[in-house]
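[1] Output the structure for:
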Amino acid sequence: MFPSCRIALWMAVLGLAAMVSGCSSQAPPEKQKPTTPAEKTAPDKTAVPDVPAQEGHEPAGATPTEVSKGLAELSADDRAAAEKQRVCPVSGDILGSQGKPYKVTVKGQVVFLCCPACEKPLLANPDKYLATLRADNPK
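    Here you go, the predicted structure:
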């Protein structure tokens with residue numbers, strides 16, 4: 001047999017051995033709960049949309065459960081308003097991702113922020129951030 005054929009044969013044997021041994025070392029896959037057609041097509045109401053960072057803040061990597069917990073700390077009316085607003089106009093973070101949203105009134109409008117640190121930039125340039133809210137929530 002030619003040396004190049006021997007090398008190819010050994011590579012094939014080693015590749016087959018790696019494939020076979022790799023399959024046996026894997027843990028069995030977990031059984032998944034069967035889904036109904038409605039579950040497959042229904043949108044995830046707790047999903048957190050991607051929101052770009054603003055003003056040097058990084059968006060919080062909160063899970064939908066953490067966001068829900070933060071919003072749950074608000075009164076029913078405030079929670080509805082914060083859910084409608086959805087994001088902090090200063091940082092771009094999802095409201096509730098850093099705990100209970102911070103409520104302020106600026107120029108007669110109630111605004112929810114992700115944290116108290118965002119109040120200073122909001123008050124320094126309210127028109128900029130109120131315009132962001134109007135663009136995100138057109139009437």
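
[2] Tell me the buried residues in stretch 92-111?
    For stretch 92-111, burial by neighbour count (16 or more other C-beta atoms under 10 Å) applies to 92-102, 106, 111. Just so you know, the C-beta spots here come from the backbone N, C-alpha and C atoms, and that holds for glycine as well.

[3] which one of the residues you listed is nearest L71?
    Distance ranking of the buried residues of stretch 92-111 against L71, using C-beta to C-beta, places G96 first at 4.0 Å.

[4] Quick check: that closest one touching V67?
    Yes - counting by C-beta atoms under 8 Å, V67 is a contact partner of G96 at 4.0 Å.

[5] C115 and S97 touch, don't they?
    No - look at C115 against S97 with C-beta under 8 Å: they stay out of range, at 9.6 Å.

[6] got any ranges where the protein has weak pLDDT?
    Filtered on pLDDT under 70, the chain yields the residue ranges 1-5, 13-62, 136-139.

[7] can you pull out the strands in it?
    Counting by DSSP state E, one finds strands in the chain at the ranges 102-106, 109-113.
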